[in-house]
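In: quick one: sequence and predicted model below, then my questions.
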Amino acid sequence: MTLSTKNGKDPIQVTRTVVSRHGATRDELIPILTDLNSELGYLSPEVMVEVGRLIGAPRSQLFGVASFYQMLSTKPHGRHVVQFCESAPCHVVGGRQVWQALQDGLKLKSGETSADGKWTLITTSCIGVCAVGPVIVIDEDVHGNVEPGQVADILARYE
């Protein structure tokens, strides 16, 4: 059975193209996985097997890397990925209340994807913009100095 991506591309062919672009070496593993995650939305088991075959790496190494880095996912994400910074600087300026507002607004817990495939909610460690905490990142958009009352309006921008 051939899987397809959201845009209808064959993930195995996308994998071969990405590996060819970077070079079929273990040194390029993280850039390969990052590009595949971006292009396909996540790293399916079939894609991981193909990467391993092409670069000569064991599946255990691939899955170890994919599970270590928060930016990579081995399960499908929603169309919009909401990341919440749970580091201490965000926490001390009201992060707990913003986190609760996110969970209530999306009706999700950390690591969950909505049934309609629209949202994925995840926590992450420091995003690197501590001066504007609490911070939410939706897709590539950084929202800083977020207050609980702003969460619904921020989410509505992605409707």
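Out: Sure, I can see it. Numbers count the residues shown, from 1 in each chain.
In: out of the helices and strands in this structure, which is least certain?
Out: Lowest by mean pLDDT, DSSP states H and E among the helices and strands of the chain is helix 88-90, with a mean of 89.
In: after it, next one along is what?
Out: helix 96-106 (DSSP states H and E).
In: kindly export that following helix (C-alpha atoms) in CSV.
Out: The C-alpha trace of helix 96-106 is given here as CSV (Å, rounded to 0.1, in the frame of the first residue of the first chain):
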residue,chain,number,x,y,z
ARG,A,96,0.3,28.4,34.0
GLN,A,97,-2.8,30.4,33.4
VAL,A,98,-2.1,30.8,29.7
TRP,A,99,-1.4,27.1,29.4
GLN,A,100,-4.8,26.4,31.0
ALA,A,101,-6.5,28.8,28.6
LEU,A,102,-4.9,27.0,25.7
GLN,A,103,-6.0,23.6,26.9
ASP,A,104,-9.5,24.9,27.5
GLY,A,105,-9.7,26.7,24.2
LEU,A,106,-8.5,23.8,22.1
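In: secondary structure element for Ile30?
Out: Using DSSP H and E, Ile30 falls in helix 29-40.
In: what sits up against that helix?
Out: 5, 9, 11, 14-15, 18-19, 21-22, 43, 47, 51, 55, 57, 61-62, 65-66, 69, 71-73 (C-beta atoms under 8 Å, 6 or more residues apart in numbering). Yep, even glycine has a C-beta here, placed from its N, CA and C like the rest.
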